[in-house]
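Participant: This is the structure alone, sequence omitted:
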């Protein structure tokens with residue numbers, strides 16, 4: 001093919017995209033990028049069509065501007081059409097967007113491995129080069145590993161988030177220490193420095209909340225609702241069905257305590273507690289703030305009643 005990568009983006013993101021294009025070109029890849037390719041008098045549509053057709057992969061910079069514009073989305077449609085035969089083509093970059101924003105726009109895109117622009121141009125370029133050359137299959141061509149990688153996270157960060165979630169769901173505690181996380185899966189071979197780096201990245205993404213003390217960067221790790229949501233949708237079988245069944249049990253059977261819900265649904269109570277917190281974050285219910293080993297529902301909101309009926 002004529003080019004290695006087609007860069008699809010909104011013009012508002014040209015500062016980041018231009019720096020990325022220059023970095024990728026410096027590393028020896030042939031890039032279709034409008035500022036590199038288009039010349040005065042050329043047909044924009046024809047040039048883009050050729051770029052979409054003659055590029056091995058399409059790097060799609062998903063941003064608020066991208067999601068608000070029709071033209072970049074047409075480029076994305078062209079790349080999606082090339083995947084009909086099952087060959088992955090799209091390499092997503094999340095630029096100033098989060099999982100919830102992307103999933104509202106396209107669950108298909110949200111389910112792909114992506115790299116976030118906040119890592120910096122260098123690390124984004126590293127990931128793209130690895131995907132292109134096939135040296136890192138777990139991040140290659142936007143195809144998510146069904147066993148390891150969560151949404152847009154790297155392999156290490158996905159593993160650490162999974163260890164945090166499963167450690168807290170098993171123990172029912174409020175937090176874990178880095179030592180406790182590391183002891184759960186020594187086969188991953190994560191050094192203390194790698195673990196702390198991953199925890200800080202997960203914190204920056206809003207997936208965990210870290211606390212440091214005594215000169216240490218991280219001494220305690222707490223899971224957030226968003227972190228649980230990402231984990232649950234990847235690793236808990238039929239999680240969306242569980243949400244539906246829980247909503248129906250709450251609305252139709254008046255089961256308002258996490259213990260009762262867990263018994264009725266045959267699920268781990270700690271999973272049900274996290275699910276209820278997710279419902280609360282969505283505005284579907286409010287939980288009681290009383291001191292109790294259980295989560296108690298104080299108010300059922302119309303959103304949950306509608307979800308239970310659908």
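Facilitator: Structure received. Worth saying up front: this structure is predicted, and the values here are computed from it rather than measured.

Participant: Surely residue 229 is in contact with residue 277?
Facilitator: No: between residue 229 and residue 277 there is no contact under CB atoms under 8 Å: 9.6 Å. C-beta: built from backbone N, CA, C; applies to glycine.

Participant: Would you map the strands across this structure?
Facilitator: Along the chain, the segments classed as strands by DSSP state E run 3-8, 31-32, 55-62, 90-94, 115-116, 208-213, 216-223, 285-287, 297-300.

Participant: could I get those strands as CSV with mean pLDDT and distance to residue 70?
Facilitator: Below are the strands of the chain laid out as CSV (pLDDT from 0 to 100; distance: least, CB to CB, whole Å):
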stretch, mean pLDDT, distance to residue 70
strand 3-8, 88, 13
strand 31-32, 87, 20
strand 55-62, 88, 15
strand 90-94, 88, 18
strand 115-116, 86, 25
strand 208-213, 92, 37
strand 216-223, 93, 38
strand 285-287, 95, 37
strand 297-300, 96, 40
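
Participant: Could I get the ones you listed in JSON lines, plus columns for mean neighbour count and distance to residue 194?
Facilitator: Below are the strands of the chain laid out as JSON lines (neighbours: other CB atoms under 10 Å; distance: least, CB to CB, whole Å):
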{"stretch": "strand 3-8", "mean neighbour count": "25", "distance to residue 194": "29"}
{"stretch": "strand 31-32", "mean neighbour count": "23", "distance to residue 194": "31"}
{"stretch": "strand 55-62", "mean neighbour count": "25", "distance to residue 194": "27"}
{"stretch": "strand 90-94", "mean neighbour count": "24", "distance to residue 194": "22"}
{"stretch": "strand 115-116", "mean neighbour count": "22", "distance to residue 194": "18"}
{"stretch": "strand 208-213", "mean neighbour count": "16", "distance to residue 194": "15"}
{"stretch": "strand 216-223", "mean neighbour count": "18", "distance to residue 194": "12"}
{"stretch": "strand 285-287", "mean neighbour count": "17", "distance to residue 194": "36"}
{"stretch": "strand 297-300", "mean neighbour count": "16", "distance to residue 194": "40"}
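
Participant: Out of the ones you listed, flag the one nearest residue 185.
Facilitator: strand 216-223 (14.7 Å; CB to CB).

Participant: for that closest one, packing partners?
Facilitator: Under the contact criterion of 3 or more CB pairs under 8 Å, 6 or more residues apart in numbering; DSSP states H and E, strand 216-223 touches helix 155-171, helix 178-184, helix 192-204, strand 208-213.

Participant: let's see it at 7 Å
Facilitator: Where contact means 3 or more CB pairs under 7 Å, 6 or more residues apart in numbering; DSSP states H and E, strand 216-223 is packed against helix 155-171, helix 192-204, strand 208-213.

Participant: Which one, of these, ends up nearest to residue 256?
Facilitator: With distances scored as CB to CB, the stretch of the helices and strands packed on strand 216-223 nearest to residue 256 is helix 155-171 (21.5 Å).

Participant: Any idea which helix or strand in this protein has the lowest mean pLDDT?
Facilitator: When the helices and strands of the chain are scored by mean pLDDT, DSSP states H and E, helix 34-37 comes last with a mean of 64.

Participant: now this structure, which segments are flagged as low pLDDT?
Facilitator: Applying pLDDT under 70 to the chain flags residues 35-47, 72, 84-87, 134-149, 151, 187.

Participant: Please name the residues that touch residue 14.
Facilitator: Not one residue lies near residue 14 by CB atoms under 7 Å, 6 or more residues apart in numbering.

Participant: next one: residue 225
Facilitator: 277, 278, 281.

Participant: who wins for neighbours among these?
Facilitator: Counting neighbours by other CB atoms under 10 Å, residue 277 comes out on top of the contacts of residue 225 with 19 neighbours.

Participant: which one is that residue nearest to, not counting chain neighbours?
Facilitator: Among residues not flanking residue 277 along the chain, residue 225 sits closest, at 5.2 Å (CB to CB, 6 or more residues apart in numbering).

Participant: what's the spacing between that neighbour and residue 287?
Facilitator: For residue 225, the distance to residue 287 equals 12 Å [CB to CB, to the nearest Å].

Participant: Same question for residue 190.
Facilitator: As judged by CB to CB, residue 190 and residue 287 stand 34 Å apart.

Participant: What of residue 165?
Facilitator: Relative to residue 287, and taking CB to CB, residue 165 is found at 20 Å.

Participant: Could you do residue 178 as well?
Facilitator: 29 Å.

Participant: swap in residue 267?
Facilitator: Counting by CB to CB - residue 267 and residue 287 are separated by 18 Å.

Participant: Ok, residue 262 next?
Facilitator: For residue 262, the distance to residue 287 - CB to CB - is 15 Å.

Participant: same deal with residue 104?
Facilitator: For residue 104, the distance to residue 287 (CB to CB) stands at 24 Å.
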